[in-house]
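[1] just need the structure, nothing else, for what follows:
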Amino acid sequence: MEAPTDTSLTAVALVESSSRPMGVQLVNSRMTNKTSDPMDLVELAKQVQKADEFTRATAGSKLIVIADQIKYLQEQARKVLEEAKRNAMLHHAACNLVKKPGTMYYLYERESGQKYFSILSPQEWGASCPHVFIGAFKLEYDMSWTPVEEVEKRGEEFALIDKILNAKNAITDSTALMFGNSSKSNTPVPAVLKDISEK
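    Modelled structure (predicted):
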């Protein structure tokens with residue numbers, strides 16, 4: 001009858017031994033392939049099991065990060081689709097004037113259900129406003145529409161983008177000046193920098 005085995009430990013792969021490594025007969029294979037203490041094998045199995053657990057935990061944490069990124073991208077895709085739907089609806093609203101980017105337009109709805117744009121706000125109409133006011137939208141230069149409550153935030157985003165672009169241009173211009181590649185300035189380039197730029 002076989003002795004019961006401990007199934008809680010992971011199987012350990014040991015290096016095969018050979019009495020003739022690389023074709024050379026060993027003098028005493030028992031001395032070169034010593035048998036170790038049985039407890040060493042148990043410790044080795046525990047170490048392999050622990051490594052497996054760490055591997056699973058590491059893979060799990062990385063997959064959680066990827067899952068969070070997928071959720072974020074799904075949310076961004078949903079927002080893009082909603083904005084595209086709103087932009088399409090607003091571009092198809094009735095309008096008797098040529099729409100110019102950078103201008104605020106006011107959307108109204110007639111009793112018939114027709115939606116139309118006007119350049120007059122409800123405040124300008126006053127009490128004589130003829131139809132139901134839906135909302136105010138600014139036509140951006142990329143032909144997208146921004147609701148009036150998001151105009152300030154969008155302006156800040158555009159200002160930040162302009163700042164980044166201007167900073168990049170400033171870096172490019174200063175680099176060109178340093179290495180004498182700019183025709184914009186007559187500032188003499190130091191001899192040391194000319195030597196560097198010519199190499």
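[2] just the helices in this structure please.
    Along the chain, counting by DSSP state H, helices occupy 29-32, 38-91, 122-125, 151-178, 191-198.
[3] redo the ones you listed as TSV? Include distance to residue 142.
    C-beta: built from backbone N, CA, C; applies to glycine. Below are the helices of the chain laid out as TSV (distance: least, Cβ to Cβ, whole Å):
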stretch	distance to residue 142
helix 29-32	76
helix 38-91	10
helix 122-125	27
helix 151-178	10
helix 191-198	39
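[4] can you put those helices in TSV and add mean neighbour count, mean pLDDT and distance to residue 140?
    Output for these, formatted as TSV (neighbours: other Cβ atoms under 10 Å; pLDDT from 0 to 100; distance: least, Cβ to Cβ, whole Å):
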stretch	mean neighbour count	mean pLDDT	distance to residue 140
helix 29-32	10	55	79
helix 38-91	11	88	10
helix 122-125	12	91	22
helix 151-178	11	79	7
helix 191-198	10	47	42
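[5] right, and those helices - which one's nearest residue 144?
    Shortest separation from residue 144 across the helices of the chain is recorded for helix 38-91, at 5.4 Å, computed as Cβ to Cβ.
[6] which secondary structure elements does the closest one contact?
    Judged by 3 or more Cβ pairs under 8 Å, 6 or more residues apart in numbering; DSSP states H and E, helix 38-91 is in contact with strand 145-147.
[7] which parts of the strand it packs on are buried?
    Buried residues in strand 145-147, counting neighbours by 16 or more other Cβ atoms under 10 Å, are found at 145-146.
[8] what's next to that strand, contact-wise?
    Counting by Cβ atoms under 8 Å, 6 or more residues apart in numbering, strand 145-147 makes contact with 86-87, 90-91, 135-140, 154, all of which sit outside it.
[9] so which of the helices of the chain is nearest residue 103?
    Nearest to residue 103, of all these, is helix 151-178, at 11.7 Å by Cβ to Cβ.
[10] picking up where we left off before, out of the contacts of strand 145-147, which comes closest to residue 163?
    Minimum separation from residue 163 among the contacts of strand 145-147 (Cβ to Cβ) is found for residue 154, which lies at 14.9 Å.
[11] now render the contacts of strand 145-147 as CSV, adding distance to residue 61.
    As requested, those are arranged in CSV below (distance: Cβ to Cβ, whole Å):
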residue, distance to residue 61
86, 38
87, 39
90, 44
91, 45
135, 44
136, 47
137, 44
138, 44
139, 46
140, 41
154, 36
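[12] strands paired with the longest strand seen in the chain, and their directions?
    Longest strand in the chain, counting residues (DSSP state E): strand 132-139. Sheet pairing here is set by DSSP bridges, and for strand 132-139 it gives strand 104-109 (antiparallel), strand 145-147 (antiparallel).
[13] how is this protein carved up into domains?
    41-92, 93-143, 148-199 (automatic domain parsing).
[14] nearest spatial neighbour of residue 99, chain-adjacent residues omitted?
    Nearest-residue entry for residue 99: residue 139, 5.5 Å, with adjacent residues in sequence omitted and distances by Cβ to Cβ, 6 or more residues apart in numbering.
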